[in-house]
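[1] build me a model from this:
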Amino acid sequence: MSSAKAFPTVRAFAIVTGGLLGLLLSTSIALADSFPGSVPKAICGPGDHTESGLQGETTVEERFSGDSERAYNCNLELVGQEPQAEFAGAFSQDGPAYSGDCAYYGTDRATTLQGIKVIDASDPQHPRVSAHLTDTPAALNPHETVQTNDRSHLLVAGENGGPNFAVYDISADCRHPVLKASINLPGAGGHMGAFAPDGRTYYETQSFRGIGGFLYVVDLTDPSHPQALPPWQFLGDGRPHGLELNLQGFAPGVHEGTRVYAGQANSFPFSAGGDGLVIEDVSDYQFRRPNPQIRIISKLFWTDQGTAEAMIPVKIKGRSYLVSTNEAGGASGAGGWAAACTRGASPFGYPNIIDVTDETNPKIVAKLRLEVNDPVNCSALLAETPPDPPGTAPGTNLPPISGTTNYSEETCVADNPKNAKMLACSFQNAQLRVFDIRDPTHAKEIAYWKAGAVRTRVLPASGSWAPGSDRTVDKIAHWVRWVVAGKGKGNGNINSRGNVNGNGTELELWTVSDGHGFQVLRFTDNFKAHNKDLFEDSDH
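    Residues are numbered from 1 along each chain as shown. Below is the predicted model of the structure:
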C-alpha cells in the first residue's frame, strides 16, 4: 500500500553560479517532496511465490526459515540459468553487458577465477559458459567498465583502479571475443564507463571522483589502435560516477553522442550540494576537435539519497526523460540506517524520473519508490532486518552499522528506449523489479524476480560472498537486457542495454545475480493474457 509523505513539501529553489569555462548555469536543489511514498504493488498471478512483507523486503521469517532459498516471483518465471555445477558465483555489478546471443560479466572478486565470463545464450533454456577472458589486466579486474556496442561490435573493459584498457572484437562470434588491443591510459584508475552510440568513443569514469578528478576518453575509430584523447579534469561539478550518452533523436536538434548524462556522487551530509544529475556537452570529443572542452548545460541535485550513478535516457510518448540511479541511499551516510530514519530520508536509493525535454531545466516528475524505499517505513524496516552473519557483505555500499541488506536501485533499462512502456530495474537485495511507465507520473510495479538465497554455499567469485557467510538474500545489481525471443536475440537492438519491443512476440529478460549468475526470465502466460497492450508493437 502506498504511504503518504510524513513531511511537508519544500519548494525547489534555483541559484546561479559560475561554472566550467565561466558559463552561467542554472542549478536546482530538490529537497523534500510530495510524491507518493511508494508505487502501487504488482498484482501477482496464481502459483507465484510472492513476498510476504513490504514491497521489496525479504522478511526475517522468510530469510531464516529457509523460505528465501526458493526464488520469489511475480509474473516472471525462470527459463534457464548458467550451469550451477560449473558456477563459483558472479559479481552482478561487473557489467553485465550483452551482444547478440551473448552476455559478459566480470568475476574480479575471486582470487583464482578472475576474468570476464562469456555466456552463450543461443539456447535460452541451457545457457553455457563459452569463454573466460583472462588475457589483459582490464579483463582480470574490470568492475563496472564492461561494455559492448552493437554498431562497432566491440567489447571493452578498463582496469578497476588501474590504467589498462582492453578492446575485443565480437563481430565474427560473440561467444569467443578476439583481443584487438590492450593499452595503458597514463594515470587512469577505471571505475565505470559507457560508449557513445556510434561505438567510436568510450568514456571511462574514475575511482577518484572528487574535485580535480578526471574523465578519460578513448578513440576507438581503429579498434586495433585505440587512442587516448586528452582527459578532462573537473575543477567543480560535473565529475561523473556513472554516465550515459544521448541516442539520435533523444534531445531534439542535438547530434547523437554529444551529451553526457552524468551521475555525480557527493558524500553525506551533502555539503557540496547533493547527489544528482549534471548534463554536459561533449561535442568537442565526439567531433574530435582540437583542445576538447566539456561544457555544463544544467545540473539537478537532491539530498534525500546518495551515491548517484548512471542517468539513463528514455523517451515516453515523445517526451525525453532520464531515469536516475542511486546505489546506496540514506543508509550509506553518517550514522548509517538509523540516522537516515532520523533525517526523514529514504534508507535506500530509488529511481527518479527526470523530464529533460528542456535540457537546460531538468525536473523530477516521479520517484519510483518501493515500500522499502519509503521514509515512513525506515525505522520499522531497520528494527526487523538483522544482518546476515558474519557481518557486512562485500559490495553492499553500506557502513558496518547498517548490516548487510541494501534495497537500493542501481540501474534501469527500458523495453524500448525510444518509446518506453516498461522499465526493468535492479534493486540489489530487492532484486529485479519491473514497472509500467506509460504514464510516468503514475508508474506502477507489474512484476518482480528475486533469485533464491544461497545461504552458506561457498561462492568465492560472488560479489556478496565472504568466508563463513550465511547470505539469506541474493543480489541483482546492474544492467538487465530486454530480448525479443526467436529474433536472434540481438536483432532490433537500439544499444547493448535494451531491445525494441515488437509484434506481440515473446519478451525475455536477461539478468545476472550474485548467487546464481546469468539467468533468462520470461513473463508468465497469465500476465501476458491480461496485459496484451504492454506487448503490442509500438511506433519506433
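
[2] output the longest helix belonging to the protein.
    helix 336-343 (DSSP state H).

[3] next structured bit after that one?
    strand 352-355 (DSSP states H and E).

[4] who does the helix or strand following that next one pair up with?
    Sequence-wise, the next helix or strand downstream of strand 352-355 (DSSP H and E) is strand 363-367. Taking DSSP bridges as the criterion, strand 363-367 forms sheet pairs with strand 352-355 (antiparallel).

[5] alpha carbons of the strand it pairs with, as PDB, please.
    Coordinates of the C-alpha atoms in strand 352-355 are reproduced here as PDB (Å, rounded to 0.1, in the frame of the first residue of the first chain):
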ATOM      1  CA  ASN A 352      13.800   9.400 -10.100                       C
ATOM      2  CA  ILE A 353      12.200  10.100 -13.500                       C
ATOM      3  CA  ILE A 354      13.500  13.400 -14.700                       C
ATOM      4  CA  ASP A 355      11.900  15.400 -17.600                       C
END
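
[6] so for stretch 207-227, mean pLDDT?
    In this model, stretch 207-227 carries a mean pLDDT of 96.

[7] next up, the contacts around residue 83.
    128-129 (CB atoms under 8 Å, 6 or more residues apart in numbering). Any C-beta I mention is one placed from the backbone N, CA and C, and that applies to glycine too.

[8] can you give the contact residues for the longest helix of the chain?
    Here helix 336-343 has contacts from 329-331, 333, 335, 346-347, 375, 378-379, 382, 398-399, 401-403, using CB under 8 Å, 6+ apart.

[9] of those residues, which belong to helices?
    Short answer: the contacts of helix 336-343 in helices (DSSP H) are 378-379, 382.

[10] buried among the residues you listed? Need that as a selection in PyMOL.
    Applied in PyMOL, the following selects the buried portion of the ones in helices among the contacts of helix 336-343 according to 16 or more other CB atoms under 10 Å:
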select buried, resi 378+382
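
[11] so which residues of the stretch 151-300 of the chain form helices?
    Under the criterion DSSP state H, counting those that start in this stretch, the stretch 151-300 of the chain carries helices at the ranges 283-286.

[12] now do the strands in the stretch 151-300 of the chain.
    154-158, 164-169, 178-184, 190-195, 201-206, 214-219, 227-233, 242-245, 259-264, 275-281, 295-302 (DSSP state E, counting those that start in this stretch).

[13] I'd like to know which of those strands is closest to residue 309.
    When the strands of the stretch 151-300 of the chain are compared by CB to CB, strand 242-245 sits nearest residue 309, at 3.5 Å.

[14] show me what the closest one pairs with in its sheet, parallel or antiparallel.
    strand 259-264 (antiparallel).

[15] buried residues in stretch 365-385?
    Those buried within stretch 365-385 under the rule 16+ other CB under 10 Å are 366-378, 381-382, 385.

[16] residue contacts, the residue nearest to the spatial centre of the chain?
    Centroid-nearest residue in the chain, with CA atoms, centre = their mean: residue 411, separated by 2.0 Å. Residue 411 makes contact with 309-310, 312, 325, 425-426, 477-480, according to CB under 8 Å, 6+ apart.

[17] for residue 79, same thing?
    Counting by CB under 8 Å, 6+ apart, residue 79 has contacts 124-125, 508, 520-522.
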